[in-house]
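**Q** Below is the sequence, then the predicted model.
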Amino acid sequence: HNVDYLTGSWWPVLDDLYASKIPVYRFIQRPGDLVWINAGTVHWVQATGWCNNIAWNVGPLTAYQYQLALERYEWNKVKKVKSIVPMIHVSWNAARTVKITDPDLYRMIKYCLMTSLKQCQLLRDSLTNSGKKIIFQSRVKEEPAYYCNECEVGVKP
């Protein structure tokens, strides 16, 4: 169907899904209902009338969930698509504010943070070697994560 699943809009033909034996779950979400879908689940929403669309990306703080989120973040970078979850920002905030007791999750977050520091150092070295002046821009509490205006990749000022 020539659909770009990362950025395109797609409305499936239900008969195609049924014919391919792809499981489809259809239901009506009533006011006050919460719908929880697993990571990587292809889904779409159709309003039966006027509605407000409110969605949160949440997940349990487990090594598996963190791994899935990081993999999606990295895949989005490769595909040059803005991630809706700024994983580097989330990782630094988790390290600063959450006591991580799961050893696997701890190792993954530590590796992510070390990699982000390495990226900062490589970028700093590249800028310095090319004669660019680096100006520090501090952040204020609760300031949002930043994205590059050109490629929409998350950046850490």
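**A** Perfect, I can see it now. Because the structure is predicted, anything quoted here is derived from the model rather than measured. Numbers count the residues shown, from 1 in each chain.

**Q** ok, residue 12 to residue 41 distance?
**A** 13 Å (C-beta to C-beta, to the nearest Å). Heads up, the C-betas are built off the backbone N, CA and C, glycines and all.

**Q** Neighbour count: these two, which is higher?
**A** residue 12 (13 against 8; other C-beta atoms under 10 Å).

**Q** And the more buried one, how close does it get to residue 38?
**A** 18 Å.

**Q** what's the longest helix in the chain?
**A** If you go by DSSP state H, the chain has its longest helix at helix 103-129.

**Q** Quick one: distance of it to the chain centre.
**A** 18 Å (C-alpha atoms, centre = their mean, to the nearest Å).

**Q** where along the chain do the helices fall?
**A** 14-19, 63-78, 87-97, 103-129.

**Q** Just give me the neighbour total for residue 128.
**A** Neighbours of residue 128 (other C-beta under 10 Å): 11.

**Q** typo on my end, residue 140
**A** Per other C-beta under 10 Å, the neighbour tally for residue 140 reads 5.

**Q** Ignoring the adjacent residues along the chain, who's closest to residue 79?
**A** Nearest residue to residue 79, sequence neighbours excluded (C-beta to C-beta, 6 or more residues apart in numbering): residue 6, at 5.6 Å.

**Q** Repeat that for residue 65.
**A** Closest to residue 65 by C-beta to C-beta, 6+ apart is residue 59, at 4.2 Å.

**Q** Average pLDDT for the longest helix of the chain, rounded please.
**A** Here helix 103-129 scores 96 as its mean pLDDT.

**Q** Relative to residue 122, how far out is the residue positioned nearest the centre of the chain?
**A** Central residue of the chain (C-alpha atoms, centre = their mean): residue 85, 3.1 Å from the mean position. Residue 85 sits 24 Å away from residue 122, going by C-beta to C-beta.

**Q** pLDDT below threshold where in this protein?
**A** The model of the chain has pLDDT under 70 over residues 1, 147-157.

**Q** who's sitting farthest from the centroid in it?
**A** residue 131 (33.8 Å).

**Q** quick one: contacts of stretch 29-39?
**A** Applying C-beta atoms under 8 Å, 6 or more residues apart in numbering, the set of residues contacting stretch 29-39 from outside is 43, 59, 65, 68, 69, 72.

**Q** Which neighbouring elements make contact with the longest helix of the chain?
**A** Where contact means 3 or more C-beta pairs under 8 Å, 6 or more residues apart in numbering; DSSP states H and E, helix 103-129 is packed against helix 63-78, helix 87-97.
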